[in-house]
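> could you work out the structure for the sequence below:
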Amino acid sequence: MNARTTAVLAWGGVLLAGVLWGGGALVAQFLIDGGIAPHSLSLARFALGMPLLWWLHWQATRRSPAADAGWRHLTRREQGHVVGTGAAMALNVSCWFAGIAHLGAALPTVISICCAPLIVACVSVLRGYEPFGARLLGGLVLALAGVLLLVWPAAGWGALPAGYGAGLAWSFGSAVCYALVVLGNARMPVRVPAVTASAWGMSAAALCMLGVAWAAGGITWPVGTAQWLGAGYTGVATTSVAYLAFAWGARRLSPTAAVVGTLIEPLVAAWLAALWLAQPMAPHQWVGAALLAGAMLLLVRRNRGMV
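Below is the predicted model:
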């Protein structure tokens, strides 16, 4: 597989994750409005997503036993890296859901997704993972401007809802944790396959959320077929499939390119809101979508050789 094909597939994986997460924001809002606590939804997301990832891991090791790095063969530092990425994954999702419970789906999603590129870019440049340049700065500026225009309501923000400050705090916490997930996947040990790293990380995330749910006084279960289907979607589609696609693509792109690629998530959420909730996008939102596309193209050109 040549470098160009690898780059295209890597971007495809990151964009697929963004599309699935964009739909997941509306599903999460539906489930939380139906009475499921944010920490319970986070636990369900990881617990339902684990079986598929472990099945794929076992299938891969059966076909190629030599490719199995084996947990015991990792150094303590590598094990800590995998577990830490899983813990960041759990905190990212739980903070995001808590923000949705206070503010609804749109604002926490844009804060989490929009602020993460700045955090990743700053850390990547400071740690020497990638150089700072005009294309990096231009891509980030375009992406941030596009996302802000995209999620700006057509009728304006109006009166601020109750719990606005707490919702913002949870949302910014989600952004920090999401940036840690991106950096963790980008620096994952090369000898650990993406599916294996995802399975281990998701297991760590599920254990973290089980402890949180236990401390919070128990688990809130879905009620009715629609809620169970929604919980299944968040577990299989937005967790196991999306995180596997993202983990595979993120380790073949620069950290900043990977996180900017998932900025397609708010675009998908806006389109689904227009389709399902009869909330069409305003002209300034379409301008934001165009800026977002321009940012992706700029980052693609910048990262052709970074695979």
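
> next, count neighbours for W58.
Using other Cβ atoms under 10 Å, W58 has 14 other residues around it. In short, each C-beta sits where N, CA and C put it, glycine included.

> any low-confidence regions in the stretch 201-307 of the chain?
Along the stretch 201-307 of the chain, segments meeting pLDDT under 70 span 255-256, 259, 277-281, 296-297, 299-307.

> which residues in it form helices?
For the stretch 201-307 of the chain, the helices defined by DSSP state H, counting those that start in this stretch cover 225-235, 242-250, 255-261, 264-276, 283-302.

> list the buried residues for the host helix or strand of G184?
Per DSSP states H and E, G184 falls inside helix 164-186. Neighbour-count burial for helix 164-186, with 16 or more other Cβ atoms under 10 Å as criterion, is recorded at 167-168, 170-186.

> circling back to that earlier point, out of the helices of the stretch 201-307 of the chain, deepest packed?
helix 255-261 (a mean of 30; mean count of other Cβ atoms under 10 Å).

> spit out the contact partners of V83.
W200, G201, A204 (Cβ atoms under 8 Å, 6 or more residues apart in numbering).

> pretty sure the second one is touching H81, no?
If I follow you right, that is G201. No. With contact defined as Cβ atoms under 8 Å, G201 does not count as touching H81 (9.7 Å).

> need the overlap of contacts for these two.
The contact lists of G201 and H81 share G184, where a contact means Cβ under 8 Å, 6+ apart.

> now, which of the contacts of V83 sits nearest S42?
S42 lies nearest to A204 out of these, by Cβ to Cβ, at 13.1 Å.

> what strand or helix carries V27?
helix 3-33.

> list the buried ones in that helix?
The neighbour-count check on helix 3-33 (16+ other Cβ under 10 Å) flags 7, 9-11, 13-29, 31-32 as buried.

> list the helices and strands that helix packs on?
helix 38-63, helix 76-103, helix 225-235, helix 242-250, helix 255-261, helix 264-276 (3 or more Cβ pairs under 8 Å, 6 or more residues apart in numbering; DSSP states H and E).

> average model confidence for that helix?
Helix 3-33 shows a mean pLDDT of 84.

> what's the angle from that helix to helix 38-63?
Orientation of helix 3-33 against helix 38-63 (axes from the mean of the first three to the mean of the last three Cα atoms, to 10 degrees) gives an angle of 150 degrees.

> off-centre distance for helix 3-33?
On the basis of Cα atoms, centre = their mean, to the nearest Å, helix 3-33 sits 7 Å off its chain's mean C-alpha point.
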